[in-house]
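J.: make a model of this:
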Amino acid sequence: MDLVFKDIAGWDETGKKLDIAVNMSAAALVEVSLPEKLESRCKACGISNDVISIEMTESMLDRNLVDSLEVLTRLRMRALGLSLDDFGTGYSSLERLKRIPFDELKIDGSFVRGANTDPAAKAIFESSVSLGRQLNMTIVAEGVETREDWIRSRELGCDVVQGFFVAHPMSAADFQTWLRNWRGFDSPNL
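T.: Next up is the predicted model:
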């Protein structure tokens, strides 16, 4: 975590506001002091709480929902983001979306990639985007690996895409170089 916060502070100095998602263990999500610890680290590094999002999968929440709910609510109260990762692959519960203050919905790549050839994957992708919109969530399309995936994600109104079409995983140092050279996908050829 210390390395992540240090990297974020360095990126913030570039003048570009970048958000970062951090995966947390189920054990961390029941630690009552987690919200204060994260807020304290943000303050010490000079970064805003709202650039940090805590990512969790549905299965992580099954372990101890009652204790997690208190911690998750307190994280949101401190402007830290909550992201539901791999949506649609676990034992999805719409009740969970109602009870937990998620602000981001990450649609699993199996639905995003499959949407171009599989009518069922397309329907799940489209309905997940619609559901997220109605709940005022940021929508992330995971597994965007081709131009077609990116176009469909954009057409459906996804806010963010994640996948090899944009970039492969890289170190923080390589990310700095990539970011300086990034031109975006606003080209008319896309």
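
J.: and L84, what's its pLDDT?
T.: Listed pLDDT for L84 reads 87.

J.: am I right that it is in contact with F102?
T.: Yes. The criterion here is CB atoms under 8 Å, and L84 meets it with F102 at 4.9 Å. Yep, even glycine has a C-beta here, placed from its N, CA and C like the rest.

J.: what segments of the protein are strands?
T.: Ranges of strands in the chain, per DSSP state E, are 20-23, 52-57, 81-87, 104-107, 138-141, 160-161.

J.: in TSV, list these along with mean neighbour count and distance to L65.
T.: Below are the strands of the chain laid out as TSV (neighbours: other CB atoms under 10 Å; distance: least, CB to CB, whole Å):
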stretch	mean neighbour count	distance to L65
strand 20-23	16	18
strand 52-57	21	11
strand 81-87	22	13
strand 104-107	26	18
strand 138-141	24	23
strand 160-161	18	27
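
J.: geometrically speaking, which residue is the centre of this protein?
T.: Residue closest to the mean C-alpha point of the chain, counted by CA atoms, centre = their mean, is S83 at 5.0 Å.

J.: how close does that one sit to I20?
T.: To I20, S83 is 11 Å away according to CB to CB, to the nearest Å.

J.: contacting residues around F102?
T.: Each residue near F102 by CB atoms under 8 Å, 6 or more residues apart in numbering is listed here: 82-84, 135, 137.

J.: among those, list the two that are farthest apart in space.
T.: Across the contacts of F102, no pair lies farther apart than S83 and L135, at 13.1 Å, counting by CB to CB.

J.: where do the contact lists of these two overlap?
T.: Counting by CB under 8 Å, 6+ apart, the shared contacts of S83 and L135 are 102, 105.

J.: give the buried residues for stretch 122-138.
T.: The neighbour-count check on stretch 122-138 (16 or more other CB atoms under 10 Å) flags 122, 124-126, 128-129, 131-133, 137-138 as buried.

J.: identify the contacts common to S83 and I20.
T.: Residues touching both S83 and I20 (CB under 8 Å, 6+ apart): S53.

J.: A44 - how many residues pack around it?
T.: A44: 11 surrounding residues under other CB atoms under 10 Å.

J.: tell me the one of the buried residues of stretch 122-138 nearest D50?
T.: For the buried residues of stretch 122-138, the residue nearest D50 by CB to CB is T138; the value is 11.7 Å.

J.: quick one, what contacts that closest one?
T.: Contact partners of T138, counting by CB under 8 Å, 6+ apart, are 103-105, 132, 159-160.
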